[in-house]
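Asks: With the input below, show me the fold.
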Amino acid sequence: MKLAETDLRDLKQAVSLLEQDTITEKMTQFVGKPLDYLMDRLPRKVEDKIHALVKTALHKAADTALWSLNNDPNRQASTKTNKVFAAISGAVGGAFGLTALAVELPVSTTIMLRAVADIARSEGFDLEQLETKQACLEVFALGSPTSTDDDAIDTAYYATRTFTAEAMQTLSKELAEIAAKHTVSQLTPTQTGKWFAALIEKITARFGVVITEKAAAQAVPIIGAVAGAALNTMFTDYYQDMARGHFIIKRLERQYGYEQVKTAYTAISYANKIH
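Replies: Numbers count the residues shown, from 1 in each chain. Below you'll find the predicted structure:
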């Protein structure tokens with residue numbers, strides 16, 4: 001079954017969004033200095049602390065953001081409003097530097113996750129479904145550089161999808177079977193908690209890297225509150241793009257199947273690279 005013309009157009013939009021420059025590359029252009037150089041100047045203890053903060057922030061965001069929106073599928077997303085709130089929290093982070101990260105990060109992560117869920121809802125997804133909540137969290141693993149362990153034949157997007165799917169392997173056989181059958185109603189609160197804990201553990205490995213890079217960029221003396229706000233706006237804008245592309249793909253996969261959409265996605269991505 002071939003994709004309908006409108007669906008093919010949506011898929012091309014998703015490829016364009018998901019295969020754009022990584023957030024790391026965008027931050028490097030903004031700061032004007034290699035982030036590797038700035039990262040080397042951060043003490044190792046700071047990096048470890050940031051990763052711990054990211055994990056806590058994702059847990060808090062998942063507990064609040066995904067349950068604080070009205071479950072109204074196909075409602076238009078408020079992308080501009082979300083960027084305004086992100087800019088405000090970024091201004092605080094930029095003004096006070098690393099010392100404010102413990103306060104600013106949970107706030108900005110919740111704002112970004114709300115923005116992601118808002119887009120999921122606009123693409124027709126039910127926010128009460130576990131699969132939707134999982135897909136919202138997966139967005140934070142998208143856009144960072146793929147590692148050498150990722151499948152070389154995959155696009156960056158599908159390589160990351162494979163990466164996050166590995167969280168399933170940490171679950172019990174019972175949980176994995178329930179998830180595979182999409183029988184969400186059978187999950188107890190304890191099982192749901194284990195599910196999200198395993199997923200967040202995997203996502204922190206990637207999202208923690210870009211947050212550490214952002215912290216390194218904001219540690220530059222000239223950054224300040226204005227640039228902190230700009231960085232947070234950039235982050236929110238970027239992950240809204242990732243969310244839009246991700247949920248277009250998920251929507252098309254529901255209609256055409258995973259393999260067919262992946263094949264079409266890969267062909268479009270390859271064609272874009274050679275032109």
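Asks: Please pull out the lowest mean pLDDT helix or strand from this protein.
Replies: helix 79-96 (a mean of 52; mean pLDDT, DSSP states H and E).
Asks: Quick check: what element follows that helix along the chain?
Replies: The helix or strand immediately downstream of helix 79-96 is helix 101-122, counting by DSSP states H and E.
Asks: buried set for that following helix?
Replies: Buried residues in helix 101-122, counted by 16 or more other CB atoms under 10 Å: 101, 104-122. Quick note: C-beta positions are derived from backbone N, CA and C, even for glycine.
Asks: And the helices in this structure?
Replies: 5-18, 23-31, 35-40, 44-64, 79-96, 101-122, 130-138, 156-165, 173-180, 189-218, 224-256, 258-274 (DSSP state H).
Asks: Listing request: residues of this protein with sub-threshold pLDDT.
Replies: By pLDDT under 70, the weakly predicted segments of the chain are 1, 65-74, 77-100, 144-154, 167-187, 219-228, 275.
Asks: The most centrally placed residue in it - nearest residue in space that isn't next to it in sequence?
Replies: Geometric centre of the chain, nearest residue: Phe140, 1.9 Å, by CA atoms, centre = their mean. Excluding its sequence neighbours, the residue lying closest to Phe140 (CB to CB, 6 or more residues apart in numbering) is Phe207, at 4.3 Å.
Asks: same question, Thr110
Replies: Ala61 (4.3 Å).
Asks: rewinding a little: deepest-packed of the helices of the chain, please.
Replies: Of the helices of the chain, the one with the most neighbours on average (mean count of other CB atoms under 10 Å) is helix 101-122, at a mean of 24.
Asks: Give me the packing partners of that one, helices and strands only.
Replies: Applying 3 or more CB pairs under 8 Å, 6 or more residues apart in numbering; DSSP states H and E, one finds that helix 101-122 contacts helix 44-64, helix 79-96, helix 130-138, helix 224-256.
Asks: Would you reformat those as CSV and include distance to Lys202?
Replies: Converted to CSV, the helices and strands packed on helix 101-122 look like this (distance: least, CB to CB, whole Å):
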stretch, distance to Lys202
helix 44-64, 11
helix 79-96, 24
helix 130-138, 9
helix 224-256, 16
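Asks: Quick one, which of the ones you listed gets closest to Leu18.
Replies: Comparing those by their distance to Leu18 (CB to CB), the top pick is helix 224-256, with 3.9 Å.
Asks: now the angle between helix 156-165 and the closest one, please.
Replies: Between helix 224-256 and helix 156-165, the angle comes out at 90 degrees (axes from the mean of the first three to the mean of the last three CA atoms, to 10 degrees).
Asks: Helix 224-256 packs against which elements?
Replies: Where contact means 3+ CB pairs under 8 Å, 6+ apart, helix 224-256 is packed against helix 5-18, helix 23-31, helix 79-96, helix 101-122, helix 130-138, helix 156-165, helix 189-218, helix 258-274.
Asks: quick one, it and helix 5-18 angle?
Replies: Going by the same axes, to 10 degrees, helix 224-256 is angled at 150 degrees with respect to helix 5-18.
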